[in-house]
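K.L.:
Please work out how this folds:
(2 chains)
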Amino acid sequence: MEKITFEQLQEEMYYEKLSNGLDVYILPKKGFNKTYATFTTKYGSIDNHFLPPGKNDFVKVPDGIAHFLEHKLFEKEDGDVFQQFSKQGASANAFTSFTRTAYLFSSTSNVEKNLETLIDFVQEPYFTEKTVEKEKGIIGQEITMYDDNPDWRLYFGLIQNMYKNHPVSIDIAGTIESISHITKDMLYECYETFYHPSNMLLFVVGPVSPEEIMGLIKENQGKKEYKNLPEIQRRFDEEQVGVAEKKQVLKMNVQTSKCLVGIKAANPTESGREMLKKELSINVMLDILFGKSSENYTELYGSGLIDDTFSYDYTEEQGFGFAMVGGDTNEPDVLASKLEAMLMEAKAGRGLTAENLERTKKKKIGAFLRAVNSPEYIANQFTRYAFNDMDLFDVVPVLESLTLEDLKQAASELIAEERFTVCQVVPKDKQ
Amino acid sequence: MAVISESIKDMKGYKLHIVKTEKFKTNTIVWKMKAPLTSEDVTKRALLPYVLQSSSKAYPSTSKFRSYLDELYGANLFVDVSKKGEYQVLSFSLEIANEKFLSDPDPLLKKGMQLMAEILVNPLAENEAFDKDTVEKEKRTLKQRIQAVYDDKMRYSNFRLVQEMCKDEPYALHVNGEIDDIPQIDEKNLYEYYKKAFAEDELDLFIIGDVDEAEVQSIAQDLLQFEQRTPKVVEASKSVHVEEKTVKDKEDVKQGKLNIGYRTNVLYGDKDYYALQVFNGIFGGFSHSKLFLNVREKNSLAYYVASRLESHKGLMMVMSGIEFENFELAVKIIREQMEAMQAGDFTDQEIEQTKAVIENQMLETMDTARGMVEVLYHNVVSRQNVSLDDWLQGMSKTTKEEIVDVAKKVQLDTVYFLTGLEADK
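P.N.:
Okay, the predicted model is just below:
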């Protein structure tokens, strides 16, 4: 077991790679009541075209299957695992993103038992035709719920504008039609491909003894047999650099319009520290451009074009990336053209000053301290970083090292008119 | 050992609550002010904190003000308006890095408290009036905030249920106020209301973090002093005549939203309040509950179905998203679960499981500074003095008999269904 110390933060973390390939991280948090653990596989909604182990042909699976599998893992022959967790005083949950599926629990007692339950339920799939059919009704309602949510429709509408071929544009839950094709055999095939320990990461954070927790995990894994898995082969169709659509307007039953401007990143291929630096550069740049202390924000808010739902964000994973800016507005077209103009000015260097950089660095460092108060944040983000060969605890040093040149370079690389796109939600009775 | 130790000090016009803890890398400062919810004041009150947080005398524009927050290592300031029973509560929260985790020895806690005081007592105002521009901007945003409730159908249907259920009670008022009131508000009458609120509201300041109590007290004393007051108390009326009703709205939606309101006839601080907590947990509070198992797992009717308590008003709300044609079936299943609760049709194991999960949830809440403030504030609202340890003990001692008794007190009041335009044709 390796011990990693973060002096400034006064934290220690323990790490070991087990013989079956599983990465285990433990971060003791003194004074906390809660232990939070996540067991995550590097398998998300974009992994829909792959080579199953021992086969010669690639398969393409229905949209929404990774998320469906997440739901189904909770069900066992003798009932569902939620029951087991609540008997042990814990609450359990799971989520599926573009690139990951995470299973988690949090509890303030029976930590060892809960941890064992977590590992075992994820490593013991049990699917039958009958339970697969039953789940289609539940997930169908989940999909319909999102259909009525204008912010979700706006977000996915924008991603669909950007990507023509890349599966990031597919809704994580799929559609009612696509999930109707899912069978138990398909679920097993996905499971066998992506749920091998060598493709997974276990993170435990809480008031725990690292030696005991590591001992328990090793004993648990020692009892299970895993064949070595060849490297997972995923296939992605070629994606064009420019956006698929410049604009999309969704008519919905809303009173206030919504508008997001997106920028598709030009085929990002970085990982590791390079990716971290780029990601932080873009985030700092967006903060300087659109944060509440910025000239742009003052102008937009002052003229009534935005309200406090306004936000901005940059997402990047290997193979895709995008920035988005916007929120509720009464004048979606005016807002879109203003935001685009502001972005183009930033590309030319406007607002990117040393003073703004220093102030924003301080802001980001404070935000990081706030974030590491949260066990959920540490576990979820650490896992995401690790899957991209980055280290969450490098955030502060890399932030401190950022220069104006880094920001200008990030701006000039990211911002390009042909990679802009707009998605709007407008009231049905208007336009 | 106590789960947390809160020290409460009587200050001039307000109470100072300090929770000293080493678990966080930040310090949290929360100012709360509460007054009875009334239709005359609700909208002004909803606007006030947003005007105050946008500038001050020393930082006369939002960008100056926000730049200063950035300089303070991104101190995070936000305001919130909420309902606690028949009170409207304004909260101002500032979370700021603890300088011991920074290479820079700036005394951030003191600066954070100074900034909080600056917003509260030194607003951008002249001649008994706020800055006109700021008020106009925030009026516009408030209007959009009120409208936004309509666009999120989950929130909207919950709001509609409360509106129908509590028709003649202040609780029916929306926490953000009414659009129609907004045009009458101006920089003068809002300033007048500001003075009134600071003269009459019940005021509380919470400081959570690795702080020195004496130092915090002395800083607070220097910065914040108000006239003494006797806060207004709303006597909660429990004996509302309940007549079951069903209300349906039709809208252009894909999923029906089923919201059911019950009167629990039990308030925070009542002796059967703990039994009510356990009851709610078994009925619909968790993923092992009767609602989750029967509506979702057995019948696949919904993705989400849950019940939650409004402890200061004596209400329990069930919410779920279902297909339009499943309305009757879902209501029937939910009713059956309530009957089962009242008939004592639940096991000791369900009781134990629920107690364990409630305790877990409560302890987890204490792992966030905001959670602590919310829990401690229950005592302020209910004029009680229940420590967390008492709370946990009271809850864990609850018997099956008590749970059945409390279940029998629960009355269904209103079934609300937001359904589609095409439904029932």
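K.L.:
Next up, the contacts around B:D210.
P.N.:
Contacts here follow C-beta atoms under 8 Å, 6 or more residues apart in numbering or on different chains; on that basis B:D210 touches B:20-22, B:24, B:27, B:98, B:100. Quick note: C-beta positions are derived from backbone N, CA and C, even for glycine.
K.L.:
Could you give the average pLDDT over the helix or strand that contains A:A341?
P.N.:
Applying DSSP states H and E as the criterion places A:A341 in helix A:332-347. The pLDDT scores in helix A:332-347 average 97.
K.L.:
Contact partners for B:G394?
P.N.:
Taking C-beta under 8 Å, 6+ apart, one finds B:273-274, B:386 in contact with B:G394.
K.L.:
burial measure for A:V422, as a count.
P.N.:
25 (other C-beta atoms under 10 Å in any protein chain shown).
K.L.:
Please read the previous query as pertaining to B:N385.
P.N.:
By other C-beta under 10 Å, the residues close to B:N385 number 10.
K.L.:
Find me the pLDDT at it, would you?
P.N.:
pLDDT recorded at B:N385 is 90.
K.L.:
So it is in contact with B:H378, correct?
P.N.:
No - contact between B:N385 and B:H378 fails when scored by C-beta atoms under 8 Å: they sit 10.7 Å apart.
K.L.:
Can the longest helix seen in chain B be said to contact chain A?
P.N.:
Longest helix of chain B, by residue count under DSSP state H: helix B:132-151. Yes - interface with chain A: helix B:132-151 contributes B:137, B:140-141, B:144-145, B:147-148, B:150-151 (C-beta under 8 Å from any C-beta of the partner chain).
K.L.:
ok, then the element right after the helix holding A:A341?
P.N.:
Once the chain leaves helix A:332-347, the next helix or strand it forms, by DSSP H and E, is helix A:354-371.
K.L.:
What lies in contact with that following helix?
P.N.:
Applying C-beta under 8 Å, 6+ apart, the contact partners of helix A:354-371 are A:9, A:280, A:283-284, A:287-288, A:291, A:293, A:377-378, A:381, A:395-396, A:399-400, A:402-404, A:407, B:25-26, B:67, B:69-76, B:95-98, B:101-102.
K.L.:
and these, which are buried?
P.N.:
A:280, A:283-284, A:287-288, A:291, A:293, A:377-378, A:381, A:395-396, A:399, A:402, A:407, B:25-26, B:67, B:69-76, B:95-98, B:101-102 (16 or more other C-beta atoms under 10 Å in any protein chain shown).
K.L.:
just checking, which of those residues belong to strands?
P.N.:
Residues of the buried ones among the contacts of helix A:354-371 located in strands (DSSP state E): B:26, B:76, B:95-97.
K.L.:
could you pick out which of these are near chain A?
P.N.:
Answer for these near chain A (C-beta under 8 Å from any C-beta): B:26, B:76, B:95-97.
K.L.:
In those residues, find the pair that's most separated.
P.N.:
Across those, no pair lies farther apart than B:N76 and B:A97, at 9.6 Å, counting by C-beta to C-beta.
K.L.:
Just give me the neighbour total for B:I322.
P.N.:
Using other C-beta under 10 Å, B:I322 is surrounded by 26 other residues.
K.L.:
now B:G261: how far from A:E212?
P.N.:
Distance, B:G261 to A:E212, by C-beta to C-beta, to the nearest Å: 47 Å.
K.L.:
Settle it for me: which of these two has more neighbours?
P.N.:
Per other C-beta under 10 Å, whichever of B:G261 and A:E212 has more neighbours is B:G261, with 23 against 12.
K.L.:
wait, that one sits on B:Q411?
P.N.:
No - counting by C-beta under 8 Å, B:G261 does not reach B:Q411; the two are 10.0 Å apart.
K.L.:
which stretches of the chain have low pLDDT?
P.N.:
I'll assume chain A. Scanning chain A with the threshold set as pLDDT under 70 gives A:430-431.
K.L.:
I was thinking of chain B, sorry if that wasn't clear
P.N.:
In the predicted model, chain B carries pLDDT under 70 at residues B:1-2, B:237-241, B:423-425.
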